[in-house]
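Colleague: here are the coordinates; sequence isn't available:
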């Protein structure tokens, strides 16, 4: 579950005030809105990269409002993916668990299971410079899922991909949501993508959130 209770955010001159949102456990929510509406700001706030002025944030069954990003159990894929150029795919998959639980490393079998799920086993020893756009997206997704987060936050993850790759990753994302039960908040400008993926559509307009179930 992801829940925002009367959350207000200030980022320079930009503000979001008294935001309420509830995404049920295991639900796939897609957030839409015009450029500059605050979608990225809201996602960064949920994962702990921005502080709120007031209100509280719930992830799973915990109030995470005052917790550091590594303590929130949220997986995050930013728009630019933020892959490290000197690290292999294998190192990306083991990085997040080490950061969150320093004494707990993924076993070789666990790394290979994640890689197999994302169809990147053949890429484990490559670095980002040798990956295509779709491959890079799968690696970023694998890193975000590697510590079994309760919530997965995706900021326009498919926007720069060709149609074939985008459809393939849409299927992958839906399968991951179904198989793991992770709660997803996915930002996009693409209404067709929202229709394909969403259980719940969230629209951010003029500082207000409007939600609409798709079924």
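Modeller: Perfect, thanks for sending it. Note that the structure is a prediction, hence the values are computed from the model and not measured.

Colleague: I'd say residue 153 and residue 73 touch.
Modeller: No: using C-beta atoms under 8 Å, residue 153 makes no contact with residue 73, being 11.4 Å away. In short, each C-beta sits where N, CA and C put it, glycine included.

Colleague: who's more crowded, these two?
Modeller: residue 153 (26 against 18; other C-beta atoms under 10 Å).

Colleague: contacts only, for the more buried one.
Modeller: 43, 46-47, 74-77, 184-185 (C-beta atoms under 8 Å, 6 or more residues apart in numbering).

Colleague: ok, so of these, who is nearest residue 169?
Modeller: Of all the contacts of residue 153, residue 169 sits closest to residue 77, with 11.0 Å by C-beta to C-beta.

Colleague: and for that closest one, the neighbour number?
Modeller: Neighbour count for residue 77, taken as other C-beta under 10 Å: 24.

Colleague: partners of it in the sheet?
Modeller: When bridges are called by DSSP bridges, residue 77 pairs up with residue 154.

Colleague: my guess is it contacts residue 144, does it?
Modeller: Yes: the pair residue 77 / residue 144 is scored as a contact, 5.1 Å apart, by C-beta under 8 Å.

Colleague: thinking again about what came up before, any chance of the contacts of residue 153 in JSON lines, with distance to residue 37 too?
Modeller: Converted to JSON lines, these look like this (distance: C-beta to C-beta, whole Å):
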{"residue": "43", "distance to residue 37": "12"}
{"residue": "46", "distance to residue 37": "16"}
{"residue": "47", "distance to residue 37": "18"}
{"residue": "74", "distance to residue 37": "21"}
{"residue": "75", "distance to residue 37": "23"}
{"residue": "76", "distance to residue 37": "19"}
{"residue": "77", "distance to residue 37": "19"}
{"residue": "184", "distance to residue 37": "19"}
{"residue": "185", "distance to residue 37": "15"}
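
Colleague: pLDDT, secondary structure and distance to residue 55 added to these, as TSV?
Modeller: Shown next, in TSV, are the contacts of residue 153 (pLDDT from 0 to 100; DSSP: H, G, I helix; E, B strand; the rest coil; distance: C-beta to C-beta, whole Å):
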residue	pLDDT	secondary structure	distance to residue 55
43	96	helix	16
46	98	helix	12
47	96	helix	16
74	95	strand	17
75	95	strand	22
76	96	strand	20
77	96	strand	25
184	98	strand	22
185	98	strand	17
